[in-house]
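coordinates for the following, if possible.
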Amino acid sequence: MTKLILASHSPRRKMLLEQMGLTDFIVRPAKGPEPEAAAELSPEEAVIAIALCKGREVAADALPGELVLAADTEVCLDGKLLGKPKDEADAIAMLTRLSGAKHTVYTGVALLLDEKTVTGVEATDVFFRTLSPEEIEAYVATREPMDKAGAYGLQGKASIFVRRIEGDVYNVIGLPLCRVAELAAEMGVRVF
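Numbers count the residues shown, from 1 in each chain. Now for the predicted structure:
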């Protein structure tokens, strides 16, 4: 089996790969600053561009035959990417906007193996119930939302905010496993 390098410091992506039964992989996050999504790009194009940037940086140091997996997840509301909150006030503002609304989570995935590169994107609609200001403030006080796109983590305390999901739940957590497997198959690589 091809040696896998996860180009991410996300503990959630690592956990999802392990959940698939993959244990023999290397975690080697990109060190450069995370590129900003360009305003002129669609959400789909932005997440792929960021995933490619991360993947290319890590692939530059990969050995022949090592498969690099890079991803970028963003939350989009009313056509605008929310990113990660800058501070607690920003997290409160994001969650207030998400309250009672539908938003879309996009994850761009890039797989790089030697001279081959494949990319894909997954989109999942998430429907939040209406949140009270007290709930939002209490959640932000836990610090859980501070390193997450859209200021929430489905796999954590914010799971009680989600009324329903249309699409890949793993995408919302940070890595669309089915899409990763499909892209790996395009490259002729088995994921397990």
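
hey, where'd the strands end up in this structure?
Assigned by DSSP state E, the strands in the chain fall at 3-6, 25-27, 66-77, 80-81, 102-113, 116-128, 162-166.

any chance of the ones you listed in a markdown table, with distance to Ala59 too?
Backbone N, C-alpha and C define where each C-beta goes, glycine included. Below are these laid out as a markdown table (distance: least, Cβ to Cβ, whole Å):
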| stretch | distance to Ala59 |
| --- | --- |
| strand 3-6 | 8 |
| strand 25-27 | 12 |
| strand 66-77 | 4 |
| strand 80-81 | 25 |
| strand 102-113 | 4 |
| strand 116-128 | 8 |
| strand 162-166 | 32 |
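
can you add mean pLDDT and give these back as TSV?
Output for the strands of the chain, formatted as TSV (pLDDT from 0 to 100):
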stretch	mean pLDDT
strand 3-6	93
strand 25-27	94
strand 66-77	96
strand 80-81	91
strand 102-113	97
strand 116-128	98
strand 162-166	97
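
pLDDT at Thr23, what is it?
pLDDT for Thr23: 83.

likewise Leu41?
Looking at Leu41, its pLDDT stands at 88.

quick check: closest non-adjacent residue to it.
Of all residues not flanking Leu41 in the chain, Ala49 sits nearest, at 6.4 Å (Cβ to Cβ, 6 or more residues apart in numbering).
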